[in-house]
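> okay, here's the prediction I keep looking at, along with the sequence it came from:
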Amino acid sequence: MTAITDMVSYETENGVGIIKIDNPPVNALSAGVREGIKSGIEMAGQDDSVSAVVIWCEGRTFIAGADITEFGKPPKGPALNEVIASIEMSSKPVVAAIHGTALGGGLETALGAHYRVANAGAKLGLPEVKLGILPGAGGTQRLPRVVGVPMALEMITSGVPISAAKALEVGLISEVVEGDLKAGAIAFAKKVVAEGRPLVKISDQTEMLQSAKDNPGIFEEFQKSIARKIRGFQAPVNCIKAVQAAVELPFPEGLKRERELFMELMQGEQSKSQRYFFFAERQAAKIPDVPKDTPLIDINTCGIVGAGTMGGGIAMNFLQAGIPVTIVETTQEALDRGIEIIRKNYAATVSKGRMKQEAMDKCMSLLTGTTNLEDLKDVDIVIEAIFENMDVKKELFAKLDGICKDGAILATNTSTLDIDEIGEATKRPEYVIGLHFFSPANVMKLLEEVRTKKTNKSVMATCMALAKRIGKVPAMVGVCEGFVGNRILHRRAEQATALLMEGALPQDVDRVLFDFGLPMGPFAMSDLAGNDVGWRIRQGKGVKSPIADAICELGRFGQKTGSGYYLYKDGGRTPTPDPVVEEIIVKASKEAGIERRSISDEEILERCIYPMINEGCKILEEGIASRASDIDVIWVYGYGWPIYRGGPMRYADAVGLEKVYNTLLKYQESHGDFFKPSALLEKMVKEGQTFTNV
Ligand code: HSC
């Protein structure tokens, strides 16, 4: 074996040259890998003892893409396009041996090879769009030449990888190797030589482009078909243009066009935010004061108390991960109802073809219902999902503490209550933690985990690992009013209401926030969640909110009653502005002695968003979140903040902290101390700092 670089080596086996890549954790195409592959191809070309070449990776995966940490830094080593061209130009057949994931630049490298083989578990895809860019090393030009334009458009704009079986079906690979991949790839390479098969250069092929050449409208049609999904995103639009270039231009020109479109994205704010977010998400899974080697508690069974909407949704996550769930309700009727809803949810997924019937049966077989809390005595973790009442929760936790085995984790799904206080109701406060799921709990990716003053490190580490197992993205926060997500949401809600009182209408505020990229504005969201929820909480606390109260007093609880801040005609979900609501709002302004005025979109945006940023700063000051990026992860995955704006804290950097600070000062002057900039924001502006480093 000859080391070419510290990441790539060359060896020969059975008359085949092996270029071996070893760049953990994911064999990204760092400069040393690019250099090594290029030199390896040259070495194999000059090595008379070999008649073919295999590109093979050590570790858990084939090349998972370009090295994202190199983006934005001065280029080093050969460009990836140059490396891929050298593979394609090799005088000896090159076979890419794929296991794990061949993603982005990894698949582009494999597309430079004359043949590709993979093991059955491999996945192949071009996920660059998720980073706000496009495949920039020939992927948009070569993939359509292999799988055809419709499939290439789908793969490149969605970023979703395909299985080895699918890749074989569409001709992206030549063989699925059973057993040892390296040996299989060598055998395949020898077969290519023995049978005198051609050196297939994908860049020369045009056959698969013909149907799109004959139907040039395909690109516009495709863009229309995904318009809703890609609203606000620039990358998918450029991806489509690049594939169009593959059809309309000769290969070398197509590559140039791809490069231009790539650079346009690379230099834009969206891609900066999306690349930042890639690392933010992975960072959020790590808790600064909990070492990586903290022992984990085995979680093989789960108990859930409460079979309502939340409890049922939470249960589904565990069932799908193969973890048996015992779900508890107070009455048989409520239990049956809860289990039936879970069954119906799965059945709907099966009927849409998104789940196999056997998978549903497996999930349902892992679910046990009971009305006896004692049945939780052996479970490894209990998640409480009952209604929000401190006394009731404390009583429940005291009971669970007596029933559950030593070392079992007791978690609460509360979104409002003090978890330190809940923990103190038990004799094991260090085993008590908040696991705040977002509704619908089987769909939303975020798991806001809440540590108390006493939660122990093993419990935290276990719950972070558990989140990943059940397909969630976790972020650890501390106890405070609303924790991180809802605390920030409340600041926005307060301003949204103030804007109504001063002159805006719900549709104005909602439109501005929708156009900003959020899935919906605060009033449409309130109608969806049910306006009565907040109304009852306010009544309990003796708090008044003139507009919201008047709307609820008319029984306008939102979509479920056909009206709220909007009208929903014929039981539909489309909000229509309602003059009755305008009357309520105008009356409320008058009674408060406020003269209504026209409010600009800019003011609506600033007054809704900048207080969120300011609250994020206070959360950081108080140590409730450990990083600005954790706040961003919470807002992207819990509230649909557009990922191309990175999250509120990354957005603050994109706008400029000084601008945010000065605008808050301006509103403080006109509207009072609600807008007073936090000490952290002031300090960061003075020191010229930023929250994120992109
Ligand atoms: C690309 O390929 C662009 C091309 O078109 C080339 C363009 C050329 C033009 C250039 C001109 C300038 N780089 O996710 P995990 C780290 S774009 C660096 O927890 P898993 C990750 O941060 C790329 N680091 O593992 C983490 O580090 P930590 C297209 C990368 O098993 C560790 O690896 N490819 C990295 O759950 C483990 O990651 C993609 O977008 C990368 N490319 O999932 C694929 N990828 O331990 C991105 C990962 O310090 N990667 N890391 O936190 C993934 O989707 C997932 O990581 C895998 C593994 C599915 C590979």
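Yep, it's here. Numbers count the residues shown, from 1 in each chain.
> report the contact partners of Ala498.
Remark: with contacts taken as C-beta atoms under 8 Å, 6 or more residues apart in numbering, Ala498 is in contact with Arg607, His671. Bear in mind the C-beta positions are built from the backbone N, C-alpha and C, glycine included.
> and it, its phi and psi?
phi -60, psi -40 (degrees, to the nearest 10).
> what does the helix or strand where Lys190 lies contact?
Counting by DSSP states H and E, the element that carries Lys190 is helix 181-194. Contacting residues not belonging to helix 181-194 are listed as 13-16, 18, 51-54, 56, 93, 95, 97-99, 114-115, 117-119, 174-175, 177-178, 197 [C-beta under 8 Å, 6+ apart].
> send me the helix or strand following it as PDB with only the CA atoms.
Elements were assigned by DSSP H and E; along the chain past helix 181-194, the next helix or strand is helix 210-214. Output of helix 210-214 as PDB, limited to C-alpha atoms (Å, rounded to 0.1, in the frame of the first residue of the first chain):
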ATOM      1  CA  GLN A 210     -33.700  13.600 -26.100                       C
ATOM      2  CA  SER A 211     -37.200  13.500 -24.600                       C
ATOM      3  CA  ALA A 212     -36.600  16.800 -22.800                       C
ATOM      4  CA  LYS A 213     -35.200  18.300 -26.000                       C
ATOM      5  CA  ASP A 214     -38.500  17.400 -27.700                       C
END
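> give the buried residues for helix 210-214.
Within helix 210-214, the residues scored as buried using 16 or more other C-beta atoms under 10 Å are Ala212.
> and stretch 661-670, by the same measure?
Buried positions in stretch 661-670, judged by neighbour count with 16+ other C-beta under 10 Å: Tyr661, Thr663, Leu664, Tyr667.
> repeat for stretch 193-210
Going by neighbour count (16+ other C-beta under 10 Å), the buried part of stretch 193-210 is Leu199, Val200, Lys201, Ile202, Ser203, Met208, Leu209.
> and the end-to-end length of that stretch?
For stretch 193-210, the separation between the terminal residues is 30 Å (C-alpha to C-alpha, to the nearest Å).
> in the lowest-mean-pLDDT helix or strand in the chain, which residues are buried?
Taking mean pLDDT, DSSP states H and E as the measure, helix 531-541 is the helix or strand of the chain with the lowest mean score, a mean of 87. The neighbour-count check on helix 531-541 (16+ other C-beta under 10 Å) flags Asn531, Asp532, Gly534, Trp535 as buried.
> what's the first helix or strand after that helix?
helix 546-553.
> nearest to the ligand among the buried residues of stretch 661-670?
Tyr661 (31.7 Å; C-beta to the nearest ligand atom).
> OK, contacts around the closest one?
Taking C-beta under 8 Å, 6+ apart as the test, what Tyr661 contacts is Pro677, Leu681, Glu682, Val685.
> redo that, cut-off 10 Å
Tyr661 is in contact with Tyr610, Ile613, Asn614, Cys617, Ala652, Pro677, Ser678, Leu681, Glu682, Met684, Val685, Lys686, counting by C-beta atoms under 10 Å, 6 or more residues apart in numbering.
> quick one: buried ones out of the contacts of helix 181-194?
Buried by 16+ other C-beta under 10 Å: 16, 18, 51-54, 56, 93, 95, 97-99, 114-115, 117-119, 174-175, 177, out of these.
> take those residues and keep only those in strands.
Using DSSP state E, 16, 18, 52-54, 56, 95, 97-98, 115, 117-119, 175, 177 are the members of the buried ones among the contacts of helix 181-194 that sit in strands.
> which element, helix or strand, includes Phe515?
Rather than Phe, residue 515 is Asp. Per DSSP H and E: helix 506-516 holds Asp515.
> then that helix to CSV, C-alphas only?
This file holds the C-alpha atoms of helix 506-516, laid out as CSV (Å, rounded to 0.1, in the frame of the first residue of the first chain):
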residue,chain,number,x,y,z
PRO,A,506,-54.8,40.4,10.9
GLN,A,507,-54.4,39.9,7.2
ASP,A,508,-51.8,42.6,7.0
VAL,A,509,-49.6,41.1,9.8
ASP,A,510,-50.1,37.6,8.5
ARG,A,511,-49.2,38.5,4.9
VAL,A,512,-46.0,40.2,5.9
LEU,A,513,-44.9,37.2,8.0
PHE,A,514,-46.0,34.7,5.3
ASP,A,515,-44.0,36.7,2.7
PHE,A,516,-41.0,36.7,5.1
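> avg pLDDT for that helix?
Mean per-residue pLDDT for helix 506-516: 98.
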